[in-house]
Each structure stands twice: as structure tokens, then as C-alpha cells.
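**Student:** attaching a predicted model along with its sequence, questions to come.
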Amino acid sequence: MSSLSAMQKMHYIVDRSGNFYRINGNDQLVAASGREDAGVFGFLEANQRIGGGKKAQFYSAVPVDEYEGTDEAKAALPTEQKKSANTAPRMEEAYKPDPERSDAAICESESKMSLPYDMKCIDWKEYLTHFCYIAANVHNYIDELNQELSDLDMQTCDMMHYIELYDQNEEDSIRLIALLKECREQRRDVKDEMNRVEWFQRAIGSSSNIAKARDGIKQMDKLKTRVYHPRKLKALFKDCPEKTVRSSKLIRAFTSDTCLDIEKEFTEEPDMDYITEEGEYMEYTKQTTIFDGAENNWREFAKQQADFFANAEQYMYNLQADLEELDLELEQTLREIEDANYNVAQGYKVFKHLKDLRNAKKEKQKELDCLYILTERFDCGAMAEVMDECVCDIESVLAEPEQAIQETDEVRELEPAMAG
């Protein structure tokens, strides 16, 4: 089953004993009396309900169609969950090849993820939700891969000891070579998968990207509640009806040359949507903020921002240089320890020096990570220029009243002379 088709199906939540689960009135996952009383979930919702951690190992999301025509809940459970922890398959069964998964090309063809994607048909919120689930739970998958790698290593070890301790005839030798080859090939595939997961985490699977994706989901939800704020003709919108939910016309926008091509249709069904394209002029209700009632020095605030973006990249480089120097000092100290004989007092002094170096390195690394978070979404040079312009504009605004007072005084001084 491809991952795409699995996501499109509805699922039951089932534990290892074959018990079904549903949602109670408090939105909690509880045991159901049977399959008829069980809850039905989408793929993402089912996995979110199961969650992560050790407790999640006792549950699984099983497609509803796997239960069609049978009342046995265990029949649809994954094979690895039906195996007892105290029993192991025979060697031949453990390495029996799966004809449906023997060719990676088959898996790729079933995934239906052929380029180019139809960007107009992508559900971006669902895409980000899927990414959040994968990135947040990938550590559980890594644990499974590590366990599988350990199992394969132990099986290889068993076969090597069997070869060492027992005599084999030609037929047994051929069989052992085939089993050992299968075991090593499986191990290689597990290692390759671990590399792919690691590269995913390094590229986009970081906690900061998860936070960005979740923020993107919230922003997409806000698109449904936008309200147009009239710029000038407020009376025109005074008694206008509330906006109605309508179907998306994105595909039509791409397929039609102009709106005149479908003039008849949209004159019969007028568009009552009054939302701006980028959510400008949102309607807000008054709420207390941290700035209300405070003496806000906006020039100083803008100056701090300009100084930060102007110096952030250089400071990050300085921190990296400090970390390299600490690493060199740590390495030099460790080399000196290898060739030295210390008494108790000298040993404690060296230990304290190593501890201070490690703590200093840890603090600088934390500070560098924080700066990465603050700057990775910005072009620091461009932001520094923008904030410098903001400082100049704020200074000009703050100088206007003083300039007006000065001009008034000059006029008063000139009045007697003009009157004379």
C-alpha cells in the first residue's frame, strides 16, 4: 500500500489485543465495546491521537477496509505486533523474501509522486500538517530503525557463531551464505534509511522549522476569518450582509483567459467576498498590550534593532571562533594529561580547568544557537538598512514639534520689525 493511498483511507485505532477505540464526550481516547462502536479517523488524526513515546507502541492505525468481511480484529493488525516478545521466527522464515517489496522501483511506482506536481491542487494546510507530524515523530522512527539494526546485527552474530562452532556440509554452507547475504542486504537498507532520515532532519526536520510550519497553519486558518476594513466608503459597508462561504475559483483562474469568458456565470452568481488579497486592513477589537500605558522610546527600540542586525553576523562569527579556540584548548589539555602524572591537588586543578572550559563552551554554543534562531529567517544586512531608515524617519517625526516651536519664535521676533 502506498503512503498516498493510506492517507486517503479512514482508519480504526486498535491495540495489540485487538480492542477498538473511540472518542468520548471529553475528546479522550477510550476503549469501544466492539468494532460497531469504534471511532473512525483520518490517517493524520489517527496518528495524532496515538501520539508518540512508549505508550504509542501499543496502538496502531488500521485501515477500515481491512476489516471488511471479517469480525476478527487481530487479522488486520501489523505482523510485527502479532509476534510475541518471547518468540522468534525460524532463520529461514526471518529471511524469507517479500515478492511485493523486492524491487524498489515497484514502491516508487506505487507512490504516484511523479513530477511535476499540480501545484493548484495541493492542500497547503494538509501538507504542513503532514510535515509537522513527520518531523515531530521522526525520532520514534529512528528508534525503530536502531532496534531493527541491532536485531540484524545479533542475527549475523548468531550465524557467525554457528559457522564457527558446528560443522556444515556443502548444502548447509550454501544455505548459510544465502541467509547471511540476505541479512547483510537488509542491514544495508536499514542503514541507508537511517541516512535518509538524518539528512531529512538536517535539511528541514528541525524544531525551528516545525514551529514555522505550525505558525503557517495558524496563518492559513486566519484566512477564513478575514474581514475587509473600508478605507473611505464606510457607509457603503454599514449594512452589508455577512460574507458567505464559497467554493474556490483558483482552478478557474488558471483555465480562463479572462473573467469575460465566464461573464454569464458570475452575473448569475455574484461574488459577495470583500476580503483583501493579503489580509490588509483587518478589523481588530481593542485589547490591552504591553505598550499601553507605558513610556515607549521608539527611537531607542529601532536603534537597538538596527544595531542588532548590523552586528549579529559578525558576533556569530566571533562566537564560532571562540568555540574553535575552546576546542583547541580542551584538546591540548587532554594531551597534556596523557603524558603527566598529577597528585591529588594537581589532578583536581586540571579537572576544574576542564570543567570550566566545557561550561564555557556550552554557554557559547547555546548563545550561538539562539542567534541562529533569531537570524535564520532574515537578511541581516537588509534588515539593518531598513532599521537605520526607520531611525532616521522617527528622528524626523520627533523633531517636528521642536522645529515648529522654533519657527513660531522666529515669527514673533520678526513681527515688531514688520509692524515698524
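**Tutor:** All right, it came through fine.
**Student:** so residue 213 is in which element?
**Tutor:** helix 207-222 (DSSP states H and E).
**Student:** mean confidence for that helix?
**Tutor:** Helix 207-222 comes out with an average pLDDT of 85.
**Student:** so which bits of it are buried?
**Tutor:** Along helix 207-222, these residues count as buried under the neighbour rule (16 or more other Cβ atoms under 10 Å): 209-210, 212-213, 216-217. To be clear about C-beta, it is placed using only N, CA and C from the backbone, and glycine gets the same treatment.
**Student:** could the residues you listed be laid out in a markdown table, adding distance to residue 185?
**Tutor:** Output for the buried residues of helix 207-222, formatted as a markdown table (distance: Cβ to Cβ, whole Å):
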| residue | distance to residue 185 |
| --- | --- |
| 209 | 33 |
| 210 | 34 |
| 212 | 38 |
| 213 | 36 |
| 216 | 40 |
| 217 | 40 |
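**Student:** name the nearest of the residues you listed relative to residue 65.
**Tutor:** residue 217 (29.1 Å; Cβ to Cβ).
**Student:** how about that closest one: what's its closest non-neighbour residue?
**Tutor:** residue 128 (5.2 Å; Cβ to Cβ, 6 or more residues apart in numbering).
**Student:** from residue 210, how far out is the one you found?
**Tutor:** 10 Å (Cβ to Cβ, to the nearest Å).
**Student:** tell me the confidence at residue 7?
**Tutor:** 56.
**Student:** so residue 294, which of the three states?
**Tutor:** coil (DSSP: H, G, I helix; E, B strand; the rest coil).
**Student:** can you name the next helix or strand after the helix or strand harbouring residue 161?
**Tutor:** Element membership of residue 161, judged by DSSP H and E, is helix 124-165. Counting by DSSP H and E, the next helix or strand C-terminal to helix 124-165 is helix 170-203.
**Student:** so where is the stretch 301-420 of the chain shaky, pLDDT-wise?
**Tutor:** Within the stretch 301-420 of the chain, the ranges that satisfy pLDDT under 70 run 400-420.
**Student:** what do you get if the cut-off is 50, keeping everything else the same?
**Tutor:** Residue ranges of the stretch 301-420 of the chain with pLDDT under 50: 411.
**Student:** then the stretch 151-300 of the chain?
**Tutor:** Looking at the stretch 151-300 of the chain by pLDDT under 50, you get 269-282.
**Student:** at 80 what do you get?
**Tutor:** 224-229, 237-286 (pLDDT under 80).
**Student:** what about the nearest residue in space to residue 208 that is not next to it in sequence, how many neighbours?
**Tutor:** In this structure, residue 208 finds its nearest non-sequential neighbour in residue 373, 5.8 Å apart by Cβ to Cβ, 6+ apart. Residue crowding around residue 373 was assessed by other Cβ atoms under 10 Å; the count is 12.
**Student:** check residue 155 too.
**Tutor:** Residues near residue 155, counting by other Cβ under 10 Å: 20.
**Student:** you'd agree it is up against residue 180?
**Tutor:** No - using Cβ atoms under 8 Å, residue 155 makes no contact with residue 180, being 9.4 Å away.
**Student:** tell me which residue is most central in this structure.
**Tutor:** In the chain, the residue lying closest to the centroid (Cα atoms, centre = their mean) is residue 210, at 2.4 Å.
**Student:** surely residue 30 is within a helix?
**Tutor:** No - Residue 30: not assigned to a helix; according to three-state DSSP it is strand.
**Student:** the closest residue to it other than its chain neighbours: neighbour count?
**Tutor:** Nearest non-adjacent residue to residue 30, counting by Cβ to Cβ, 6+ apart: residue 24, 4.9 Å away. Close neighbours of residue 24, defined as other Cβ under 10 Å, add up to 10.
**Student:** kindly report the same for residue 65.
**Tutor:** Quick note: residue 65 (other Cβ under 10 Å) scores 11 neighbours.
**Student:** how close does it sit to residue 342?
**Tutor:** 71 Å.
**Student:** so who does residue 168 touch?
**Tutor:** residue 176 (Cβ atoms under 8 Å, 6 or more residues apart in numbering).
**Student:** next, it: phi, psi?
**Tutor:** Phi and psi for residue 168, reported as degrees, to the nearest 10, are phi -130, psi 140.
**Student:** so how far is residue 181 from it?
**Tutor:** Residue 168 is 16 Å from residue 181, by Cβ to Cβ.
**Student:** wait, residue 30 touches residue 15, no?
**Tutor:** No - the pair residue 30 / residue 15 is not scored as a contact, 11.8 Å apart, by Cβ under 8 Å.
**Student:** touching, residue 204 and residue 135? I think so.
**Tutor:** Yes - counting by Cβ under 8 Å, residue 204 touches residue 135, with 7.4 Å between them.
**Student:** between those two, which is the more surrounded one?
**Tutor:** Between residue 204 and residue 135, counted using other Cβ under 10 Å, the more crowded position is residue 135 (18 against 15).
**Student:** and the closest residue to the more buried one other than its chain neighbours, what is it in contact with?
**Tutor:** Spatial nearest neighbour of residue 135, excluding adjacent residues (Cβ to Cβ, 6+ apart): residue 205 at 4.5 Å. Shown in contact with residue 205 (Cβ under 8 Å, 6+ apart): 134-135, 138.
**Student:** adding distance to residue 303, write the residues you listed out as a markdown table.
**Tutor:** Putting these into a markdown table (distance: Cβ to Cβ, whole Å) gives the following:
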| residue | distance to residue 303 |
| --- | --- |
| 134 | 42 |
| 135 | 37 |
| 138 | 42 |
